[in-house]
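**Q** here you go, sequence then predicted model.
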Amino acid sequence: QGQLEESGGGLVQAGGSLRLSCTPSRSSNSMGWFRQAPGKERDFVACINLNGASTSYADSVKGRFTISRDSAKNTVSLQMNSLKPEDTALYYCAETRLYDRTCIRAIGDYFTWGQGTQVTVSS
């Protein structure tokens, strides 16, 4: 763990936006964003496959968050709009070399993680 680096977290008011970024290794396939609130388990937020054709979102963020991948810049981003206080958590970027036709949602299939970036949404 700790081989990826996230950026873009911070404090924002409810209804605001933040953009998280992560730089994957050159050998990654699926990339995922996960989050962990205090006292809770780490949960899936969004994933994207290698060519960006497959994305998937947790129901709680669908329609508000968008994951994207820029191969030229080797960056994976998570655009978070209409943020709610319940989105407050430590957000982790993760990658896996496992291949599937669709992006991978299962946390257990991700083997390389960042240290996390804090997102705090005030009401």
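**A** Arrived safely.
**Q** helices or strands up against the helix or strand of the chain with the lowest mean pLDDT?
**A** Ranked by mean pLDDT, DSSP states H and E, the weakest helix or strand in the chain is strand 6-7, scoring a mean of 92. The contact analysis (3 or more CB pairs under 8 Å, 6 or more residues apart in numbering; DSSP states H and E) places strand 6-7 against strand 18-22, strand 89-95. Where C-beta positions appear, they are placed from N, C-alpha and C, glycine not excepted.
**Q** between the ones you listed, which one is nearest to Phe44?
**A** strand 89-95 (9.8 Å; CB to CB).
**Q** show me what the spatially most central residue of the chain is bridged to.
**A** Centrality entry for the chain: nearest residue to the mean C-alpha point is Trp33, 2.1 Å, by CA atoms, centre = their mean. Note on Trp33: beta-bridge partners by DSSP bridges are Ala46, Cys93.
**Q** what is the burial count for the nearest residue to Gly114 once chain neighbours are set aside?
**A** Spatial nearest neighbour of Gly114, excluding adjacent residues (CB to CB, 6 or more residues apart in numbering): Leu4 at 3.8 Å. By other CB atoms under 10 Å, 21 other residues sit near Leu4.
**Q** surely Leu4 meets Tyr91?
**A** No - the criterion here is CB atoms under 8 Å, and Leu4 misses it with Tyr91 at 11.8 Å.
**Q** just say helix, strand or coil for Ala72.
**A** coil (DSSP: H, G, I helix; E, B strand; the rest coil).
**Q** ok, it to Gln3 distance?
**A** Counting by CB to CB, to the nearest Å, the gap from Ala72 to Gln3 is 22 Å.
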